[in-house]
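J.: sequence isn't available, so here's the structure alone:
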Ligand code: F6P
Ligand code: MN
């Protein structure tokens, strides 16, 4: 049996990285316990509401954010933290060598219906050790990430992690409260017949994405010559986990629903860490055309269209976009 601690010790080339990963995954154990308690933990409902004792209720995504922030601020290797929940990055220990970014509770609309949610994290090098970190220090392309991972709080709690050139998975053993290695080298098949998209946005998509989904729906009777199947968890962490387990394509494409947003998902807290995991597992991750990990960010909260998963299917979407662009 290999625990997360054993695994990190065996890959000890960057002890600071291992220490920060231990901090994040330890907080994950606490979040997992809070979720297991559900309504009994007195944590459901909107932030700002009062509970029966008349105390302020903290919505679980705010609580998850605060727990991560508090724990990472105490970690001497962490120079700063950026969270989907906070407008600005929070400086931590100036002498630290790492920056940590996270989506504390992805898919949080799933909490109140007892469905899967998760914590996504990304770790970047800190280039200005000794000085107080700022938002601009976080503006590094995804390919600079030293590690990335997620915790999926589903029927069991699973950690997917990449600190080497591959992806590993651990399951949180409820008896020992330890993460135990369950998959050593996650690989995504290049071909798939399963896809994930919120099709209610069809009318807001660009022509190539509409054509792509039309082709999949036509199935056997269309140009693809085979039937496809839809799955949508409504939490990216759940859809990406399914893809790491059995392949598939996930997309939250560019849409014109809100003129201020290029897509729904956040580059730094969602697209980058998931893209690193997907690529290291042999899949591909693009904004429909460009590799996500090559995007130079201009804002810590910027949004990006996402098409990721089984390589041949991601390439197919890219080809459709390129064909439309040259028309
Ligand atoms: O974090 C944004 C997110 O909750 C993702 O986890 C998920 O894939 C998506 O939004 C769901 O969006 P929609 O509510 O449009 O289906
Ligand atoms: Mn999210």
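T.: Nice, thanks for sending it over. It should be emphasised that the depicted structure is a prediction, and the values quoted were computed from it without experimental measurement. Ligands and ions are numbered 1, 2, ... in the order given.

J.: all strands for the stretch 151-300 of the chain, in order.
T.: Per DSSP state E, counting those that start in this stretch, the stretch 151-300 of the chain carries strands over the ranges 157-162, 168-173, 178-183, 194-196, 229-230, 249-252, 284-286.

J.: hmm, who's touching the last one?
T.: Taking CB atoms under 8 Å, 6 or more residues apart in numbering as the criterion, the residues outside strand 284-286 that touch it are 271, 274-275, 278-279, 291-293, 306-311, 314-315, 317-318. C-beta: built from backbone N, CA, C; applies to glycine.

J.: so for that strand, what's the average pLDDT?
T.: Averaged over strand 284-286, pLDDT sits at 99.

J.: centre of the chain versus that strand, how much separation?
T.: 14 Å (CA atoms, centre = their mean, to the nearest Å).

J.: the closest residue in space to residue 289 that isn't next to it in sequence: how many residues sit nearby?
T.: Leaving aside its chain neighbours, residue 289 sits nearest to residue 321 (5.2 Å; criterion: CB to CB, 6 or more residues apart in numbering). Using other CB atoms under 10 Å, the number of residues around residue 321 comes to 23.

J.: quote the end-to-end distance of stretch 210-228.
T.: 15 Å (CA to CA, to the nearest Å).

J.: quick one: the residue in the stretch 1-150 of the chain that ligand 2 sits nearest to and residue 276, what's the gap?
T.: Going by CB to the ion, ligand 2 is nearest to residue 106 of the stretch 1-150 of the chain, at 3.5 Å. Residue 106 sits 16 Å away from residue 276, going by CB to CB, to the nearest Å.

J.: got it, and residue 321?
T.: 22 Å.

J.: how about the strands in the stretch 1-150 of the chain?
T.: Listed in chain order, the strands of the stretch 1-150 of the chain (DSSP E, counting those that start in this stretch) span 78-83, 90-91, 98-106, 117-125, 147-153.

J.: let's have these in CSV, adding distance to residue 260 and mean pLDDT.
T.: Converted to CSV, the strands of the stretch 1-150 of the chain look like this (distance: least, CB to CB, whole Å; pLDDT from 0 to 100):
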stretch, distance to residue 260, mean pLDDT
strand 78-83, 20, 98
strand 90-91, 25, 98
strand 98-106, 20, 97
strand 117-125, 23, 98
strand 147-153, 27, 98
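
J.: which stretches in the chain count as helices?
T.: Along the chain, the segments classed as helices by DSSP state H run 4-10, 15-37, 60-73, 207-218, 236-246, 272-280, 311-326.

J.: show me the contacts for residue 196.
T.: Residue 196 neighbours (CB under 8 Å, 6+ apart): 230, 231, 232, 233, 239, 242, 243, 248, 249, 250, 251.

J.: tally of neighbours for residue 276?
T.: Close neighbours of residue 276, defined as other CB under 10 Å, add up to 23.

J.: and if you look at residue 127?
T.: Residues near residue 127, counting by other CB under 10 Å, number 13.

J.: list the residues that contact it.
T.: Taking CB under 8 Å, 6+ apart, we find residue 127 in contact with residue 137.

J.: next, give phi and psi for it.
T.: Note on residue 127: its backbone torsions stand at phi -90, psi -10 [degrees, to the nearest 10].

J.: so how far is residue 75 from it?
T.: 18 Å.

J.: okay, and the beta partners of residue 291?
T.: On the basis of DSSP bridges, residue 291 is bridged to residue 286.

J.: which residues touch residue 106?
T.: Neighbours of residue 106 in contact, by CB under 8 Å, 6+ apart: 117, 118, 119, 120, 150, 235, 236, 237, 270.

J.: how about the first one, what does it touch?
T.: In other words, residue 117. When contacts are counted by CB under 8 Å, 6+ apart, residue 117 touches 35, 105, 106, 107, 108, 110, 111, 153, 235, 237.

J.: so who does the nearest residue to the fifth one once chain neighbours are set aside touch?
T.: By that I understand residue 108. Nearest residue to residue 108 in three dimensions, chain neighbours excluded: residue 61, at 4.3 Å (CB to CB, 6+ apart). Each residue near residue 61 by CB under 8 Å, 6+ apart is listed here: 85, 104, 105, 108, 111.
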